[in-house]
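Peer 1: I would like to see how this sequence folds:
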Amino acid sequence: MSELTDEFVVNAEALAKLFDCTPRRVWQFAKEDLPKNDRGEYPLIECVVWYIRKLKGKHANIVSIDEARQRKINAEASLAELALAKEQENTIAISDHGEVIGSLGDIIRGRLLVLPSKLAPALALESKQGLCKQIIEDEIRSTLAEIARLVPDDGSGSRESKAGKKKTSKTVSSAA
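Peer 2: A predicted model of the protein is given here:
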């Protein structure tokens, strides 16, 4: 290919006519890595290949009208599904999510901190490993049941009111 490019060199004006632009634009292309030799001439074939690649990259982001319509339909469907989920109360606001997670953290922290003082007397009296295990498992199940009351897992989508959350936080504080 270098044999062909050495034979076919043109100046900026000829390349501008071929690219349907001005010689000034060709000089700008040269600053963008358009192939050019030391004498200010342009190897024709290399420049055409470079320009084609540049045009392909430039038009690579163009979306057909059918693709645009499909994307719009998909976006509208997603919005409709989100509105339906909101209407059915299957979604939760981000601010409410923070409150729920905070309440869960408070419950878990409170229940874990109280475990040693609550379980130590009962475990100290037991000599059988099976009974000790049962006491610990019962307390873990109790904690999980309290968490389940805060966030129902029945798929109903209903959430406790803020008053219910306040009630939960009172439960945590009394456990601590």
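Peer 1: Where does pLDDT dip in the protein?
Peer 2: The chain contains residues with pLDDT under 70 at 1-6, 59-62, 150-176.
Peer 1: and S127, how many residues sit next to it?
Peer 2: 7 (other CB atoms under 10 Å). In short, each C-beta sits where N, CA and C put it, glycine included.
Peer 1: whoops, K72 was the one
Peer 2: 10.
Peer 1: Would you mind measuring from the residue nearest the centre of the chain to A75?
Peer 2: Nearest to the mean C-alpha position of the chain, by CA atoms, centre = their mean, lies I94 at 15.2 Å. Using CB to CB, to the nearest Å, I94 is found at 21 Å from A75.
Peer 1: residues touching the residue of the chain positioned farthest from its centre, list them.
Peer 2: The C-alpha centroid of the chain is most remote from E7, which lies 53.7 Å away (CA atoms, centre = their mean). The contact partners of E7, by CB atoms under 8 Å, 6 or more residues apart in numbering, come to none.
Peer 1: again, but for the one 3 residues further on
Peer 2: Residues touching V10, when contacts are defined by CB under 8 Å, 6+ apart, comprise L18, E41, Y42, L44, C47.
Peer 1: Can I get the helix or strand containing the first one in PDB, CA atoms only?
Peer 2: The reference is to L18. Assigned by DSSP states H and E, L18 falls within helix 12-19. Extracted C-alpha coordinates of helix 12-19, given in PDB (Å, rounded to 0.1, in the frame of the first residue of the first chain):
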ATOM      1  CA  ALA A  12      -4.900  20.700   0.500                       C
ATOM      2  CA  GLU A  13      -7.000  22.300  -2.200                       C
ATOM      3  CA  ALA A  14      -7.400  19.000  -4.200                       C
ATOM      4  CA  LEU A  15      -8.200  17.100  -1.000                       C
ATOM      5  CA  ALA A  16     -10.800  19.800   0.000                       C
ATOM      6  CA  LYS A  17     -12.500  19.400  -3.400                       C
ATOM      7  CA  LEU A  18     -12.600  15.600  -2.800                       C
ATOM      8  CA  PHE A  19     -13.900  16.000   0.800                       C
END
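Peer 1: Break the chain into its domains for me.
Peer 2: Listed by automatic domain parsing, the domain ranges of the chain are 2-58, 63-92, 94-175.
Peer 1: Out of the ones you listed, which one sits most buried?
Peer 2: Highest mean neighbour count of those: domain 2-58, a mean of 14 (counted as mean count of other CB atoms under 10 Å).
Peer 1: how distant is it from the center of its chain?
Peer 2: Distance, stretch centre to chain centre, for domain 2-58: 42 Å (CA atoms, centre = their mean, to the nearest Å).
Peer 1: and what of stretch 101-108?
Peer 2: That offset, for stretch 101-108, works out to 25 Å (CA atoms, centre = their mean).
Peer 1: Could you do stretch 91-101 as well?
Peer 2: That offset, for stretch 91-101, works out to 18 Å (CA atoms, centre = their mean).
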